[in-house]
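What follows is a predicted structure for the sequence shown.
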Amino acid sequence: MTVPSVPPTLSGKRPSKLFKNWMAKMASLPMILTALVVFVGGTAWTVTYSFTGSRMLPRTKWVGLDQYERLWSSDRWMISITNLGIYGICSLILTLFIGFTLAACLDRKIRFEGVFRSIFLYPFALSFVVTGLAWQWILNPDFGMQSVVRDWGWTAFNFDPLNNPDIVMFGLLIAGIWQGSGLIMCIMLAGLRGIDEDIWKAAKVDGIGTVKTYIMVVIPMMRPVFVTALVLIAAGIIKLYDLVVAQTGGGPGLSSEVPAKYVIELMFRAQNLGQGFAASTMMLCSVVIILIPWAYLEFGGRKRG
Amino acid sequence: MSKILKSALLGTALTAATATAVMAEGVELEVTHWWTSGGEAAAVAKFANAWNATGNTWVDGAIAGSGGTARPIIISRIIGGDPMAATQLNHGRQAEELIEAGLLLDLTDVAEAGGWAEIVNPSSLLEACTLDGKIYCVPVNIHSAQWIWLSHAAYKSAGLDVPTDWNEFTASAGSLKEAGILPLAMGQQGWQQNIAFGAITLAVAGQEAWNGVNIDKNADVARGPEYTAAFEAVAAARDLAAESNVQDWNMATNLVITGQAGAQIMGDWAQGEFSVAEQVEGKDYSCLPGLGLNPVIDTGGDAFYFPVNDDPAITAAQKELAALLISPEVQVSFNLAKGSLPVRGDIDMSTANGCMQKGLKILANGGVLPSGDISFSQDTTLQIEDLQAQFWSSDMSAADAQAAYADIIANAD
């Protein structure tokens, strides 16, 4: 997932490249085969069967694009996509922002840096299920945040996102960011530590302010770190499932449904494999649509430069 | 009386006969099910004890989580070639494709020997186990969903009489609200809202319209005036439940038990919660089947299926277990523990409590309906549940919901 900066290859002899390290290549052959059969083969199988009317068992009863027509006319799917969009955009921006801000604060050589780092990274050690349940309780109006604030005297305080269909996604977002920003902070911190001290000295000599140095000099230099962070966050967003199951179960109503949950429910609860496959194929498409331009920019651009 | 005695004796004799045949070896059968709560585990122990008493061994394969969690595990084990000896499923259409794929054991000979066609009441239960004239499962109990549970404490604190039907309940809702009591407790999950929807339509739209939609799958009936009235009643119920922000059904039941809510529409399994809370039917709570308007109940429930096995000894034992599960003594002890109704009408259930007696009386009078598991595929059920979830949690109009519902019925299978 990370993007290693490929060092320019020193070997001049091109023909020998295929057989170079042939022992290592032989050894990795089983893994290559597994990857091809399991990932590529499995993907092809899923896409193929999304054109069938499979119910509980996979069957080659071809129905053309019926599954996709039903998918795109299903309210539940449309709600799922919208939710993922809201969650995705907010989570991407906020996690990057919070992660970078925390990292920058820690980078200012504060005291007890190690302690703070552990505290911020700690949520990442919890599974999404635990995170979801913990935040379900914290956001519970009768026991959690709302009742605590009301006990302090603000009796009109109203904060009940998990039972309000309009803002339930933000309840999930809080939990997701709480869990995910620590890791991004660590990656950012590593990136910041990789910035040469001399840059800071030079900036200081030129009289550039700290914030401006970060925005104009340091962030552009950290591009690979940002790309890594972006890929990690994006993968987390598309996979969003367990947090929803643990925290809201998709409710109230259908207001916090997400695409991955649609796939699971249709495949196993509705016993409609074809429809589940169609939905997972659409998820794959969305990943590919994001990934191809990015890969082109990232890898294609590298060669030119 | 003599007839009951005769069939009881016949059942016992048959069980005994098959039992002695296999007794010599003593076979281990792995049985999977999702009965894991206190009362459920006690009930399944009745099966296990009865089976162990025949000299065989019951290997318990309980799967935690509800049917939604357990069913995919069970099905994938059967499809994946690692079948258990027997498994619980809800009878109806959940196993249809497994039967068509030839993965489940044909029990027709056991059923004929046991005379299931005569003893199983209502007969629709056996029909749900039948495909192309062959019987593939043993129904073991009946659960129905058309019940409303009323809190006496809530009505007492509001200074009202406990209603005896749905209309009285809706009339009393305003006074309940004034007394600071939530009129209707409702867990915010699609299947619970669907249960409420089903119960209210049955009571308001009447059985004829209900049959038209649920059995004949006639979308025109679903667009008709009876269902318009039903959807309006459901929309009114939605307003009564507006303040209910619990998710799980037992949390909603707890609101009724503690008198914070006036009523809940939930299946007869809610009774377990009342008995755990040591409440007494008629004193602390009331139950009204068919919402007190239309005393009919559906006949969902559980059944056991037996995946096909290569070993003839196991196949023989599977058939023996099938006969045992429906035998009179096992039916009585199991259903008393589970709080569900027995699948045969010829046994003595006089020790059952008031709510179960009401259910038994309806069964005896033949006021039964096929359950959603029997009428609709899982796919259609999920679509209806989704619609209900959307309807209850938003301000969707009754007319829009009715139109969407009719579309689902038009495409139902």
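Arrived safely.

Show me chain B divided up by domain.
If you go by automatic domain parsing, the domain ranges for chain B are B:2-143+B:300-368, B:152-298+B:376-410.

how many other residues sit next to the nearest residue to residue A:192 once chain neighbours are set aside?
Spatial nearest neighbour of residue A:192, chain neighbours left out: residue A:107 (4.6 Å); criterion: C-beta to C-beta, 6 or more residues apart in numbering or on different chains. For glycine as for every other residue, the C-beta is placed from the backbone atoms N, C-alpha and C. The number of residues packed around residue A:107, counting by other C-beta atoms under 10 Å in any protein chain shown, is 17.

Repeat that for the one 3 residues further on.
By the measure other C-beta under 10 Å, the count of residues near residue A:110 is 9.

In contact with it, which residues?
Each residue near residue A:110 by C-beta atoms under 8 Å, 6 or more residues apart in numbering or on different chains is listed here: residue A:116.

Please identify the helix or strand for residue 175.
If you meant another chain, say so; for now it's chain A. Using DSSP states H and E, residue A:175 maps to helix A:168-193.

wait, chain B
Residue-wise, residue B:175 maps onto helix B:166-178 under DSSP H and E.

any bit of the following helix or strand past that helix sitting next to chain A?
Next along the chain after helix B:166-178, taking DSSP H and E as the criterion, comes strand B:182-185. No: if you take C-beta under 8 Å from any C-beta of the partner chain as the test, strand B:182-185 misses chain A, and the best it gets is 13.1 Å.

Tell me the spatial nearest neighbour of the residue of the stretch 151-300 of chain A found nearest chain B, not counting adjacent residues.
Chain B sits closest to residue A:253 of the stretch 151-300 of chain A, with a gap of 2.7 Å, by C-beta to the nearest C-beta. Spatial nearest neighbour of residue A:253, excluding adjacent residues (C-beta to C-beta, 6+ apart): residue B:393 at 2.7 Å.

who touches the helix holding residue B:175?
Contacts for helix B:166-178 (C-beta under 8 Å, 6+ apart): B:148, B:150, B:154-155, B:158-160, B:163, B:182-184, B:200, B:203-204, B:233, B:236-237, B:240, B:262-263, B:288, B:291-293.

For residue A:35, give its distance to residue A:29.
Distance of residue A:35 to residue A:29, given as C-beta to C-beta, to the nearest Å: 11 Å.

Heading C-terminal from the helix or strand harbouring residue B:29, find the next helix or strand.
Element membership of residue B:29 [criterion: DSSP H and E] is strand B:28-33. Using DSSP H and E, the helix or strand that follows strand B:28-33 towards the C-terminus is helix B:38-52.

Run through the residues of the stretch 51-200 of chain B sitting next to chain A.
Residues of the stretch 51-200 of chain B lying near chain A (C-beta under 8 Å from any C-beta): B:68, B:71-72, B:75, B:79, B:94, B:96-98, B:101, B:188-190.

Where does pLDDT dip in the stretch 101-250 of chain B?
Counting by pLDDT under 70, the stretch 101-250 of chain B contains no low-confidence residues.

Show me the helices in it, by range?
Along the stretch 101-250 of chain B, the segments classed as helices by DSSP state H, counting those that start in this stretch run B:108-114, B:116-119, B:124-128, B:152-157, B:166-178, B:190-214, B:219-223, B:225-240, B:249-257.

Is it possible to get the ones you listed out as CSV so that each row also shows mean neighbour count?
Shown next, in CSV, are these (neighbours: other C-beta atoms under 10 Å in any protein chain shown):
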stretch, mean neighbour count
helix B:108-114, 17
helix B:116-119, 18
helix B:124-128, 21
helix B:152-157, 18
helix B:166-178, 17
helix B:190-214, 22
helix B:219-223, 19
helix B:225-240, 19
helix B:249-257, 22
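
Dump these to JSON lines, plus distance to residue A:51.
Putting the helices of the stretch 101-250 of chain B into JSON lines (distance: least, C-beta to C-beta, whole Å) gives the following:
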{"stretch": "helix B:108-114", "distance to residue A:51": "37"}
{"stretch": "helix B:116-119", "distance to residue A:51": "42"}
{"stretch": "helix B:124-128", "distance to residue A:51": "32"}
{"stretch": "helix B:152-157", "distance to residue A:51": "54"}
{"stretch": "helix B:166-178", "distance to residue A:51": "47"}
{"stretch": "helix B:190-214", "distance to residue A:51": "28"}
{"stretch": "helix B:219-223", "distance to residue A:51": "27"}
{"stretch": "helix B:225-240", "distance to residue A:51": "35"}
{"stretch": "helix B:249-257", "distance to residue A:51": "38"}
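
For the closest residue to residue B:62 other than its chain neighbours, give me its contacts.
Distance criterion C-beta to C-beta, 6+ apart; nearest residue to residue B:62, sequence neighbours excluded, is residue B:36 at 5.4 Å. Counting by C-beta under 8 Å, 6+ apart, residue B:36 touches B:62-65.

circling back to that earlier point, test my guess that the residue nearest to residue A:253 contacts residue A:256.
No: counting by C-beta atoms under 8 Å, residue B:393 stays clear of residue A:256, with 10.4 Å between them.

neighbour count winner among those two?
Set residue B:393 next to residue A:256 and count neighbours by other C-beta under 10 Å: residue A:256 wins out with 25 against 21.

Just list the residues touching that one, thanks.
Applying C-beta under 8 Å, 6+ apart to residue A:256 gives the contacts A:83, A:168-169, A:171-172, A:244, A:247-248, A:250.

Just name the closest of the residues you listed to residue A:52, please.
Nearest to residue A:52, judged by C-beta to C-beta, of these is residue A:250 at 26.6 Å.

can you confirm the closest one is in a strand?
No: Residue A:250 is assigned coil when assessed by DSSP: H, G, I helix; E, B strand; the rest coil, not a strand.

In contact with residue B:85, which residues?
Per C-beta under 8 Å, 6+ apart, neighbours of residue B:85: B:28-31, B:59, B:306-307, B:309, B:314, B:317-318, B:321.

no, scratch that, I was asking about residue B:153
Residue B:153 is in contact with B:258-259, B:284, counting by C-beta under 8 Å, 6+ apart.

ditto for residue B:279
Per C-beta under 8 Å, 6+ apart, neighbours of residue B:279: B:257, B:285.

near chain B, which residues of chain A show up?
Residues of chain A lying close to chain B by C-beta under 8 Å from any C-beta are A:55-57, A:75-76, A:141, A:160, A:163, A:165, A:249, A:251-255, A:265-266, A:268-272, A:275.
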